[in-house]
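*Asks:* Here is my input, please return the structure:
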Amino acid sequence: MLSERQKTVLEVIVSDYTKSGVPVGSKALSNQLPVHVSSATVRNDMAYLEKMGLIAKTHSSSGRVPSIEGYRYYVDNLLNPNPIDFTDSKIIENALGGHFGKIDEIVEQSANILSNLTNYTALALKPEQQVSRRLRSFRLVPLGDRQVMAILITDDQDVINQLFHISNDINGDQLDSVVRLINDKLIGRTISEVLKLLLKGDLTKEVIKYVNNPEGLLLTLNDILTEASKNQFYIGGELNLLSFTDNNDISYLKPIYSLLNDTDDISKFINNSGKSISVKIGPEISNSLLKNYSVITGTYDVGNYGKGIVAVLGPTRMPYSRIIGLVEGFSDELSKKLLNYYNKYDQ
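*Replies:* Numbering: from 1, shown residues only. So this is what the prediction gives:
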């Protein structure tokens, strides 16, 4: 149990260290406390905080730095998020105020905005609709030299395409017949329903009436449907990871970059269990690659259209009050922007 003064000492250590990166000494602390106390009293409080595992002494200085447990105590008990200031608010408003052709563009822009505002790496996940996405249109566009582009459009205006080759015994009329068949049978169905039909082989029996060897075509359809069913992440400011490393050998960042580009791995470490704001610090992220990082995750809600996620990845020595306030405020603004987009689209 910490006294009020000990809480204040910890708060000042966290605040000073996140700003400067320099271990905080008793003299600097005593000058910042609201009530004057001697350096000896401050040293006693620091010794107690160190005993509790909330701060640690470094080898290079007599000052103290917050431990992972200290950051955790600070975030859970002492922190008051800073509300977004006018300048940041206008940046967000202007950046989200442009014309966007589809949801992906808004979410991708969101990752870039958060990255620019925080100077850290930001991630954004599209809303995961409570009612699964549905197939709106399917097209096959011949490109010459036996190449065809398959284009799938979902009901939320997402467009996925993929190139594939067709055999010499397939002509344009046959492709048109297959497109009509797929649209007649599948338009309006959820993506998961269509994938199940492909798995059962029901569609193969129909397509084979028009194309003798439909395997390549149906495999391509399966691939783009699978892509449409995935959670879509966007990353902003990947190079910002270089800005807060103390290690001259940056080769250790390669596996982290690989991690950031793996959808399944990202889903694991920014999962916030339904909380509006979640803070994971160091080992709490459950990935050894990120033991020196913190992830602040916010959920944005667009009603029946589902919930999405924005997150900021930075060093454990980040200004938590500012970043949490930004993530909270940004999540609210993004919710409004997406709701306006969906409402216009549904009219």
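*Asks:* Mind splitting this protein into its structural domains?
*Replies:* Residue ranges for the domains of the chain, per automatic domain parsing: 4-78, 86-130+232-346, 135-229.
*Asks:* Would you convert these into TSV that also reports mean neighbour count and mean pLDDT?
*Replies:* C-beta here means a position set from N, CA and C on the backbone, and glycine is covered the same way. As requested, the domains of the chain are exported to TSV (neighbours: other Cβ atoms under 10 Å; pLDDT from 0 to 100):
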stretch	mean neighbour count	mean pLDDT
domain 4-78	17	90
domain 86-130+232-346	17	85
domain 135-229	16	83
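*Asks:* Return the residues in contact with residue 313.
*Replies:* 120-123, 241, 260, 290, 293-295 (Cβ atoms under 8 Å, 6 or more residues apart in numbering).
*Asks:* try 7 Å
*Replies:* Residues near residue 313 by Cβ atoms under 7 Å, 6 or more residues apart in numbering: 120-121, 123, 293, 295.
*Asks:* Show me those that map onto strands.
*Replies:* 121, 123, 293, 295 (DSSP state E).
*Asks:* Quick check: pLDDT value at residue 231.
*Replies:* Confidence at residue 231, expressed as pLDDT, is 64.
*Asks:* what element comes up after the helix or strand that contains residue 16 heading to the C-terminus?
*Replies:* Residue 16 is part of helix 4-20, with elements assigned from DSSP states H and E. Using DSSP H and E, the helix or strand that follows helix 4-20 in sequence is helix 26-30.
*Asks:* helices or strands up against that following helix?
*Replies:* Helix 26-30 is packed against helix 4-20, helix 39-51, with contacts defined by 3 or more Cβ pairs under 7 Å, 6 or more residues apart in numbering; DSSP states H and E.
*Asks:* Helix or strand for the nearest residue to residue 270 once chain neighbours are set aside, just tell me which one.
*Replies:* Using Cβ to Cβ, 6 or more residues apart in numbering and skipping the chain neighbours, the partner closest in space to residue 270 is residue 311 (4.5 Å). When elements are assigned from DSSP H and E, residue 311 belongs to strand 307-315.
*Asks:* Report the separation between the spatially most central residue of the chain and residue 1.
*Replies:* For the chain, the residue nearest the mean C-alpha position is residue 123 (2.9 Å; Cα atoms, centre = their mean). Note on residue 123: its distance to residue 1, by Cβ to Cβ, to the nearest Å, is 37 Å.
*Asks:* hang on, the earlier thing: out of the helices and strands packed on helix 26-30, the one nearest residue 211 is which?
*Replies:* When the helices and strands packed on helix 26-30 are ranked by distance to residue 211, counting by Cβ to Cβ, first place goes to helix 4-20 at 62.4 Å.
*Asks:* Could you list the residues in contact with that closest one?
*Replies:* Contacts of helix 4-20 (Cβ under 7 Å, 6+ apart): 24, 28-29, 32-33, 42, 45-46, 48-49, 54-55, 64-66, 70-71, 73-74, 78, 317-319.
*Asks:* Would you mind giving both backbone torsions of residue 32?
*Replies:* Dihedral pair for residue 32: phi -110, psi -10, per degrees, to the nearest 10.
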